[in-house]
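Novice: Give me a 3D structure for the following:
(4 chains)
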Number of protein chains: 4
Amino acid sequence: MTVRGAADQNDILIFERRESAVRSYCRRFDCVLDTAEGSVVRDVSGREYLDFIAGAGSLNYGHNDPDMRAALIAHLEHGGISHSLDLCTTAKSAFLTAFESLLLLPRGIDYRVQFTAPTGANAIEAALKLARKVTGRSNVIAFTNGFHGMSQGALAATGNRHHRIGPQNPLHGVTRMPYDGYQGDGVDTADLLARMLRDPSSGLDAPAAILLETVQGEGGLNVASPDWLVRVAELARNNGALLVVDDVQAGCGRTGTFFSFEPFGILPDLVVLSKSISGYGLPMALLLIRPEHDVWSPGEHNGTFRGNVHAFVTATVALTKFWAAPGFAADVTRRGELLARRLAAVADVVPGGIVKGRGMMRGVDVGSGALAARITRRCFAEGLMLETSGPYDEVVKVLAPLTTPDDVLDDGLDILLDATRAVLAEAARAVPAGSEVPGPSGLVNA
Amino acid sequence: MTVRGAADQNDILIFERRESAVRSYCRRFDCVLDTAEGSVVRDVSGREYLDFIAGAGSLNYGHNDPDMRAALIAHLEHGGISHSLDLCTTAKSAFLTAFESLLLLPRGIDYRVQFTAPTGANAIEAALKLARKVTGRSNVIAFTNGFHGMSQGALAATGNRHHRIGPQNPLHGVTRMPYDGYQGDGVDTADLLARMLRDPSSGLDAPAAILLETVQGEGGLNVASPDWLVRVAELARNNGALLVVDDVQAGCGRTGTFFSFEPFGILPDLVVLSKSISGYGLPMALLLIRPEHDVWSPGEHNGTFRGNVHAFVTATVALTKFWAAPGFAADVTRRGELLARRLAAVADVVPGGIVKGRGMMRGVDVGSGALAARITRRCFAEGLMLETSGPYDEVVKVLAPLTTPDDVLDDGLDILLDATRAVLAEAARAVPAGSEVPGPSGLVNA
Amino acid sequence: MTVRGAADQNDILIFERRESAVRSYCRRFDCVLDTAEGSVVRDVSGREYLDFIAGAGSLNYGHNDPDMRAALIAHLEHGGISHSLDLCTTAKSAFLTAFESLLLLPRGIDYRVQFTAPTGANAIEAALKLARKVTGRSNVIAFTNGFHGMSQGALAATGNRHHRIGPQNPLHGVTRMPYDGYQGDGVDTADLLARMLRDPSSGLDAPAAILLETVQGEGGLNVASPDWLVRVAELARNNGALLVVDDVQAGCGRTGTFFSFEPFGILPDLVVLSKSISGYGLPMALLLIRPEHDVWSPGEHNGTFRGNVHAFVTATVALTKFWAAPGFAADVTRRGELLARRLAAVADVVPGGIVKGRGMMRGVDVGSGALAARITRRCFAEGLMLETSGPYDEVVKVLAPLTTPDDVLDDGLDILLDATRAVLAEAARAVPAGSEVPGPSGLVNA
Amino acid sequence: MTVRGAADQNDILIFERRESAVRSYCRRFDCVLDTAEGSVVRDVSGREYLDFIAGAGSLNYGHNDPDMRAALIAHLEHGGISHSLDLCTTAKSAFLTAFESLLLLPRGIDYRVQFTAPTGANAIEAALKLARKVTGRSNVIAFTNGFHGMSQGALAATGNRHHRIGPQNPLHGVTRMPYDGYQGDGVDTADLLARMLRDPSSGLDAPAAILLETVQGEGGLNVASPDWLVRVAELARNNGALLVVDDVQAGCGRTGTFFSFEPFGILPDLVVLSKSISGYGLPMALLLIRPEHDVWSPGEHNGTFRGNVHAFVTATVALTKFWAAPGFAADVTRRGELLARRLAAVADVVPGGIVKGRGMMRGVDVGSGALAARITRRCFAEGLMLETSGPYDEVVKVLAPLTTPDDVLDDGLDILLDATRAVLAEAARAVPAGSEVPGPSGLVNA
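Specialist: Below is the predicted model of the structure:
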């Protein structure tokens, strides 16, 4: 029995006819994908694209890693159980064993693992709920430009106004504070947080949790400085709040270490992982819990798909294959620096362009969403898939698989550089110099 | 590279050491599962169990259907893309085509399909958000003993107090009304809903949505009557509210028709499907939207794993294999009646025992959670996995795969009957007659 | 220096020009009042009206009681302090002493007195806040057609939809349950409350408080039965919730005893008094607190005008003059029965008319707000001020001062009877019999 | 009939026995007040105190102004109506006429007047509700150290943590931003507000209102600069939010002009007045509404005591007597400068002491609440009543009646200076120099 559709025009019509207006990526990338391998995807007509979106960070090891695939096929052929609620399985055992021996023990850190429903948003929901149970407090501090998911609790912590619907969908329990750098170079925003936590009339209720990304992936590749992170971690500890790191996009090696916070000597109370944790792009999410905070009663947060067996199978391969030795991390770091250099050349082309990000999670702030959209559209026409981020979608974001070979990375960045030049040349022809492409101040989008 | 763990005692220790205290099923069923087929699961020691939990309704077609498995292996070997955000893929195209031609067109109904994050809770979140956007209203009416998930918005609609944490985790925007039958035989609870909707001083804000299950799976297999459902659907329509049917557990054929509401001539505005929609137990969820309500702007509700490609592959097989002809549905109905007859015999053994449910979604209210737990524990010892539901876990619930052969179903129900007899005999020996096993009034749990 | 305005047309123009559109009573009663005495008010042109609204229950002792006035003038002439925050004053001492000796000790009940800001709504806010502090719970149970004030927390407990603004003004923390009789004669709504409190999956969070009026003044003069009140009081006690009686309108003797709950042998944990407590219509409110619940820290609920000195002066007279002996209460009861008899005659005139209420708090449900409005308009034209209540304003409500002499009461009720007859005769002339004036089903207003 | 209590020990016992633990001022000032005149109050033993608290700003014209008293007595003797719901009365007409002719017309500003329930908190509730109705938005921006009242909606806008009870009393709908100066000299906090309003991913929902005090009375006499106020007013206008000025404490002439915002050329959309508006300390509050925002439907915000007739009588005298000519305002300004000079001498005595405030609303930040408490206790012993404010109660606050004669003001400030010296000398004797009295950093209270 074959179920794969024929590669014809019907493929597009069925989406227009039947899929909800909420669909988004497929509007910008109008192809029907069929196969994929490494950093390359292929559509039904056989056309190939470099995929530097990588499942929004879910494919850090590229598409269809052959070892993971082999393990999954072996599992299927073995008759391995595929759904088991949160029962114990051999696949889960193998994953936990690998997670413990390859990630926790070498780093000398101790976490309990909660398999939430297999989405980052659900793990965020679990984290906030647990922090509230642990502390008996309700308030959660989240930051400007943070992104933490779309369900009601997660959405309350997400900064993006577009997703909130309106006053008929009220979101509660989160206090918003400025992220590192939000008030410009002269202002340490941790000072404001510190003062408001200390001041009994500040109007800031005692927080259950401080929730942050060390690099804000959707928020525009904003990078928190080590000092700020350390300071905020101290503020959390000194104020009885749990520090929750959302490592959904920045974790799993994206910044050069498995956890994005490793370089800073901080140990969050709770850590949320998802996206690339399965290695193969399969739905999976987990919440790491410092043992003293693991106060859940059985089933207090549950979900039918908590514990995706197929994802355990591929995740175990991912940990074993890539994280048993330090070589992989070093290579990501090296490749991240290569990326930074190449992006600097792109930024040089754009008046006011700025390279942002850390590790293999970088991009160029080109100053306006309109310009970024023109650049990524042209990249797609030339065979490169890229997305944008930031409040105005003004950052062209490169999220290539960590395993992208240097030459493939180079090829993609060549396309980006050429596309940027071409778009700016076009713009220069269209309008007098200096009047069209705004700098990255964000003001043009206000 | 093999990743499957050895079948030894370590399998258990790693769970105790590393998995969060939130784990639940695995506490009651202390085995480490390895393989599964149809209605049978097998642990690492080779012991087999009849699985009449079926992934809490996620395995309506049993474990590891061979055609779905073949299609999934073919997809993997083909190099089929496995993660694609919400891009168009051949796998999604095939699923949508099958969904349209096999489910919608034959029933003459028209829905748009939204692929939410792959959990029922997330689809509920999307449904509530959309209903609020469509109506400009905030309030959602949900019912006593309803279960709709664990994220903040979904949890607000879920009745179970255990999951709510406490006042530090406030849940808003839902008004609770009594479900059909909740006030006893003499009272039509739809009258109360009707009056409160009509009365401008009732304190009931105009609702964006009325959210219900036609059979409350977790709530104790409470069955809404056709009249009540039709009445509530009318109340929704006449009061400008969207009718949202949560068919996560009762859908996908569980009650004998694909959608649980088909027999009643009502057409919900929104329908939530998850659990068995992939057919293979893979994470997948969708929201069906009447076209006039599909007012999402692109990406307004999103999620990394919306559109699980592997699930599309197996779901398409599930629809094609089981729903192309009416034979399957008729067989489920027939088998549901067999189940009802066999459960009546179990109920006869229990003082005050009552058979509850509809189709292949039935159970016996044995009057107390303690008794139900003793019965299911004994069943497990005899090789049958069963769970309980209801506010006091007082309903022994049979959720066998719809494809369970009659003889296997019989075997399982034999175990249940024997276990029930044995437990009650034991109880009778332990205490004077009439004093120990309470009737199904629920009072003993208050 | 005189500040009273001249009695000319300017009096009306200034209101239209300067007073907000929110003004309401003055739209129905287009006169400019100047003086008042007992049950009579007088406008600038010298025209007199019987006042059977009595400040919506704030003038139980009539307008400008001469002893209260004398005491207030004496206080003014003495140079008595008029504003003192919550400092101790001789006036407050006198009030507390009278309250203790005349109300608490004779009834053998023990309450602490909190002087909130001088409005019923503020005392409700304080009650809900205190109940939440005492119990550590958030949820408050309030009832259909309840009215408890207009500030955000009080409004959440108020049933009337008109006052809520919309989804942009969300009101939280209250669960609405049907009041006694709301589901018709055959249904004891306390059963539903009892079951939902007991059922851990009912979706009803454990309540901090159950808040109720024994007679719903604004809600349509609905009277809770003794059995229901006793049952709800028990439910509160057995479920760890505080019973809060809102006696703002029904208290201060309105139903024939000082507290409206006296006849039923229940002792609320918290009681809210306002309206007539000052005796003279001056702003004053208080919260009575069972001593074991008086867990406030100093100033935790405050307000500039808590402790209105002038109101203490007149309130002390009111208690001393009217409540030192049982004669006053007996007279109110007697007069309440007279009122009931006279209203029965009015109800007889109206097809389907029903007398509602208790004590001196009664009215006639005439079946539609339109009819009630026509009747009260005609009464006003004949020199009688009356208001309406109920979800559709369908109840013509008589809230005459408790001190209204029998002959004056008779005069007013003559006007009401004549007006009702005239309006119905007019209606009969205008339309075919039976088609115009609906019965009190409420359906016409839906 | 006399009701004033005898001046004996019973006066104190009754308060301890019967008044709730929530009472606060009376704990610090243990006297039983009887009479008052101008800036002087007198207790039952005949002892006099200078009252530089002035009803927390409710007695800007001193106690028992003879003209107001005469008018009120005349009203009482005339039989003037004392309670009239929101009906038109001659007293209200006179007040509105005076308000229009003496305040609005001379300033060329146009407001509608809403008489809310007679407390500042209730007027704040009305303002927030109206702003939400006008804009269709829910969010309200309020500032650190703001104080706006104790009811649920007003409390959400109040910064003080002490009043919030805890997570069981959730307060919603307000976003807190740093007030002018909160981040120190180098940072313009309006920049942060501007950026968060502009940034669609800031997490700041579009506001219905920006609510502020121009001088934060309870928050520690923090003064917003003209530039900041003008900037925030522009931000409100440009972002479709209503600017709401809470002039409850800073209005009615306290800062030298009737409205505190007059010097800055801004015109708020809504203005809340209470406290001194009646002139005589009687409960009264009003909301001024720009005519285009007066979109209330009749009775949409109501309350039994909206429109306190006695307060209208005295308020009209207050406006006529004090605001008909500019002399009064000029005198307040002059006296405010005198106050500033005298307080500078007090501040000089305190290591790190700082004079704060504006007009006749000033105080000295002495660096710790403990020190401030010792100073005010000693002042009370010497016959001067003063209170403290600020997050740590570290500001000794002088809120003398605006009408306090210069020599009386001098007398009071002499007491304050002497008390400060004495307390510091005592402290110096008790501990080694420099180690005990902290500077005004606030850190000691953290």
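Novice: Isn't residue A:68 up against residue A:318?
Specialist: Yes - because the distance of 6.5 Å satisfies Cβ atoms under 8 Å, residue A:68 is recorded as touching residue A:318. Just so you know, the C-beta spots here come from the backbone N, C-alpha and C atoms, and that holds for glycine as well.
Novice: which neighbours do those two share?
Specialist: A:61, A:279-280 (Cβ atoms under 8 Å, 6 or more residues apart in numbering or on different chains).
Novice: Let me have these in CSV, extended by neighbour count and distance to residue C:133.
Specialist: As requested, these are arranged in CSV below (neighbours: other Cβ atoms under 10 Å in any protein chain shown; distance: Cβ to Cβ, whole Å):
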residue, neighbour count, distance to residue C:133
A:61, 27, 53
A:279, 28, 50
A:280, 29, 52
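Novice: So which of the residues you listed is the closest to chain B?
Specialist: Lowest distance from chain B to these (Cβ to the nearest Cβ) belongs to residue A:280, with 5.8 Å.
Novice: list the contacts for the residue nearest to that closest one when sequence neighbours are not counted?
Specialist: With sequence-adjacent residues excluded and distances taken as Cβ to Cβ, 6 or more residues apart in numbering or on different chains, residue A:280 is closest to residue A:314, at 3.8 Å. Neighbour list for residue A:314: A:65, A:68, A:71-72, A:278-280, A:282 [criterion: Cβ under 8 Å, 6+ apart].
Novice: Of these, grab the buried ones for ChimeraX.
Specialist: Filtering the contacts of residue A:314 down to the buried ones (16 or more other Cβ atoms under 10 Å in any protein chain shown) takes a single ChimeraX command:
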select /A:65,68,71,72,278,279,280,282
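Novice: Averaged pLDDT, stretch A:250-266. What do you get?
Specialist: Looking at stretch A:250-266 alone, the average pLDDT works out to 98.
Novice: Okay, buried residues for that stretch please.
Specialist: So stretch A:250-266, judged by 16+ other Cβ under 10 Å, has buried residues A:250-262, A:264, A:266.
Novice: So which of those residues is the closest to residue A:411?
Specialist: Taking Cβ to Cβ as the measure, residue A:411 lies nearest residue A:254 of these, at 20.9 Å.
Novice: Please name the residues that touch that closest one.
Specialist: A:57, A:60, A:260, A:276, A:332, A:359-361, A:399, A:402.
Novice: now it: how far from chain B?
Specialist: According to Cβ to the nearest Cβ, to the nearest Å, residue A:254 stands 14 Å off from chain B.
Novice: Bridged to the closest residue to that residue other than its chain neighbours, which residues?
Specialist: Nearest non-adjacent residue to residue A:254, counting by Cβ to Cβ, 6+ apart: residue A:361, 4.9 Å away. Counting by DSSP bridges, residue A:361 is bridged to residue A:358.
Novice: from memory residue A:223 sits against residue A:354, does it?
Specialist: No - when contacts are counted by Cβ under 8 Å, residue A:223 is not listed as touching residue A:354 (11.7 Å).
Novice: what does the stretch 151-300 of chain A have sitting close to chain D?
Specialist: A:158-162, A:164, A:167, A:170, A:172-176, A:178, A:182-184, A:186-187, A:191-192, A:195-196, A:198-206, A:218-220 (Cβ under 8 Å from any Cβ of the partner chain).
Novice: right, is stretch A:397-407 up against chain D?
Specialist: No - under the criterion of Cβ under 8 Å from any Cβ, chain D is not reached by stretch A:397-407; the shortest gap measures 14.2 Å.
Novice: Output the contacts of residue A:314 as TSV; include the columns pLDDT and secondary structure.
Specialist: Rendered in TSV, the data for these read as follows (pLDDT from 0 to 100; DSSP: H, G, I helix; E, B strand; the rest coil):
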residue	pLDDT	secondary structure
A:65	98	coil
A:68	98	helix
A:71	98	helix
A:72	98	helix
A:278	98	helix
A:279	98	coil
A:280	98	coil
A:282	98	coil
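Novice: could I get the contacts of residue A:314 as CSV with distance to residue D:344?
Specialist: Compiled in CSV, the contacts of residue A:314 are given as follows (distance: Cβ to Cβ, whole Å):
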residue, distance to residue D:344
A:65, 74
A:68, 75
A:71, 79
A:72, 79
A:278, 68
A:279, 70
A:280, 72
A:282, 71
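Novice: quick check, nearest of the contacts of residue A:314 to chain D?
Specialist: Looking across the contacts of residue A:314 and measuring by Cβ to the nearest Cβ, the closest to chain D is residue A:278, at 27.9 Å.
Novice: Give the phi and psi angles for the residue sitting nearest the centre point of chain A, as a check.
Specialist: In chain A, the C-alpha nearest the mean C-alpha coordinate belongs to residue A:249, at 2.1 Å (Cα atoms, centre = their mean). Main-chain torsions, residue A:249, degrees, to the nearest 10: phi -100, psi -40.
Novice: hmm, the helix or strand residue A:156 falls within touching chain C?
Specialist: According to DSSP states H and E, residue A:156 maps onto helix A:152-157. No - if you take Cβ under 8 Å from any Cβ as the test, helix A:152-157 misses chain C, and the best it gets is 13.3 Å.
Novice: average model confidence for the next helix or strand after that helix?
Specialist: Following helix A:152-157 in sequence order, the next helix or strand is strand A:174-177 (DSSP H and E). Confidence for strand A:174-177, expressed as mean pLDDT, is 95.
Novice: ok, strand A:174-177 near chain C or not?
Specialist: No - shown here: strand A:174-177 not in contact with chain C (Cβ under 8 Å from any Cβ), separated by at least 15.3 Å.
Novice: so what's residue A:181 up against?
Specialist: Neighbours of residue A:181 in contact, by Cβ under 8 Å, 6+ apart: A:189, A:222, A:224-225.
Novice: Show me which of those is closest to chain D.
Specialist: Comparing the contacts of residue A:181 against chain D with Cβ to the nearest Cβ places residue A:189 closest, at 8.8 Å.
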